[in-house]
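A.B. asks: Need the 3D shape of this:
(one chain, ligands or ions: 2)
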Amino acid sequence: VEVRLSIPAVDDWHVHVRDGAMLRAVAPFTARWCRTAMVMPNLRPPIDSWQSARAYREEIISVTQSVNPDFSPRIAVYLSPALELEDLRAGFAAGDIAAVKFYPAGATTNSDQGMGSLQSYLPLLEEMASIGVRLLVHCESTDPEVDIFDREARFLDDELLAVRQELPDLDITVEHLSTAAGLDFVRSHPRTHGTVTPHHLRSDRNDLLASGMQPDLFCKPVLNSARDRRALLDAVCEGEPRVSFGTDSAPHSMAAKRAETIAAGVFNAPFALEVVAELLHQEGALDALGGFVARNGWAAYGMDPPPFDLELVRHDRAERPRTVDVDEHTSVVVYGVEPARHWTVSRIPQ
Ligand code: NCD
Ligand code: ZN
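C.D. replies: Residues are numbered from 1 along each chain as shown. Ligands and ions are numbered 1, 2, ... in the order given. Below is the predicted model of the structure:
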């Protein structure tokens, strides 16, 4: 029997679209099926002011207009000592700043501008709670003594829990959940939401390491155990409303992914929806797709999404491109080509 379903678009609550030629090459993939996307600020220099957020938002719109004029990106600004409360307040009121992102210093790509512990920002976080700005958190302990596979759980216990308890009115998103412990944290605290990536739902550390190291699967937080992956996939299949789709699509050139020290990040924007559709199809849980990729994210922000419907059709395997070219010397490897071979997505005219 043919599988054909429609869903209310798909929105990406965590994406890296970079800048320059990379932005022009990758952002259209996100804009194609999304009404909105929460764009991360870890550029050099970081997006950490109203002015830089507004300029970045306009630049993204200018490169995505032709593929989807309805695409309306949201910008998260970088939490650092440079971020000023009055500027944040004004940028948020103007709609140019949508959220604030915290990176533990040094945890991942371009995260060395973050400074100090999350605790050290308590006064600003308190103001954010009162004006309704959500805090997005990269949850990874940077304590060198902590095992890499325990870093998410340790950050939650050692750093986020105290802030969660101190500021019960602050909306918090635990980004790119990679463990059952992270899922438990989200489920057991009010005003706490989680995003889940396609690759943490589909791949685990055996895929990364067991049959030869796969640099294109290396990302932060690192793919974790099969048991952790299963817990995340079960939550999505059960329709858990506290989690939504955030691809963490993070393109790096093929050269950077094959360097002596491999850059962290999986580029999944072209086939992110297809990966999740195929996983849920295999699990017999396609009825959970619309909640996960479309409804839950907007509900977390208490917003109603604009109408924008997609149709997905499953079919026999077709050819799909394995790389995206940025310029004549640079290309990026795409995640999820195999599952994407079964799906065709199209927009349903309103
Ligand atoms: C991201 C990147 O490359 O910007 N990398 C990653 O592995 N996810 C940064 C991040 O979100 O951690
Ligand atoms: Zn990210």
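A.B. asks: C-alpha only now, for contacts and for neighbours.
C.D. replies: Will do.
A.B. asks: tell me the mean pLDDT for the host helix or strand of L279?
C.D. replies: In this assignment (DSSP states H and E), L279 forms part of helix 272-282. Mean per-residue pLDDT for helix 272-282: 98.
A.B. asks: what comes into contact with the following helix or strand past it?
C.D. replies: Later in the chain than helix 272-282, the nearest helix or strand by DSSP H and E is helix 289-290. Outside helix 289-290, the residues that touch it by Cα atoms under 8 Å, 6 or more residues apart in numbering are 7-10, 276-277, 280.
A.B. asks: again, only this time at 6 Å
C.D. replies: For helix 289-290, contacts defined as Cα atoms under 6 Å, 6 or more residues apart in numbering pick out I7.
A.B. asks: And that helix, how far out from the chain middle?
C.D. replies: In terms of Cα atoms, centre = their mean, to the nearest Å, the centre of helix 289-290 is found 17 Å from the chain centre.
A.B. asks: So for it, mean pLDDT?
C.D. replies: 98.
A.B. asks: Centre of the chain to the helix holding L279, how far?
C.D. replies: 16 Å.
A.B. asks: same thing with stretch 42-60?
C.D. replies: Stretch 42-60 has its C-alpha centroid displaced from the chain centroid by 17 Å (Cα atoms, centre = their mean).
A.B. asks: Just the CA atoms of that stretch, as CSV, please.
C.D. replies: C-alpha atoms of stretch 42-60 as CSV (Å, rounded to 0.1, in the frame of the first residue of the first chain):
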residue,chain,number,x,y,z
ASN,A,42,28.0,30.8,16.9
LEU,A,43,29.5,32.8,14.1
ARG,A,44,32.9,34.6,14.3
PRO,A,45,32.2,37.1,15.8
PRO,A,46,29.1,35.7,17.5
ILE,A,47,25.7,37.2,17.1
ASP,A,48,25.3,38.9,20.5
SER,A,49,23.4,42.1,20.0
TRP,A,50,20.2,43.4,18.6
GLN,A,51,22.0,45.0,15.7
SER,A,52,23.9,41.9,14.7
ALA,A,53,20.7,39.7,15.1
ARG,A,54,18.7,42.0,12.9
ALA,A,55,21.4,42.1,10.2
TYR,A,56,21.8,38.3,10.3
ARG,A,57,18.0,37.8,10.1
GLU,A,58,17.8,40.0,7.1
GLU,A,59,20.7,38.3,5.4
ILE,A,60,19.1,34.9,5.9
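A.B. asks: Show me which residues of that stretch are buried.
C.D. replies: For stretch 42-60, burial by neighbour count (16 or more other Cα atoms under 10 Å) applies to 42-43, 46-50, 52-54, 56-57, 60.
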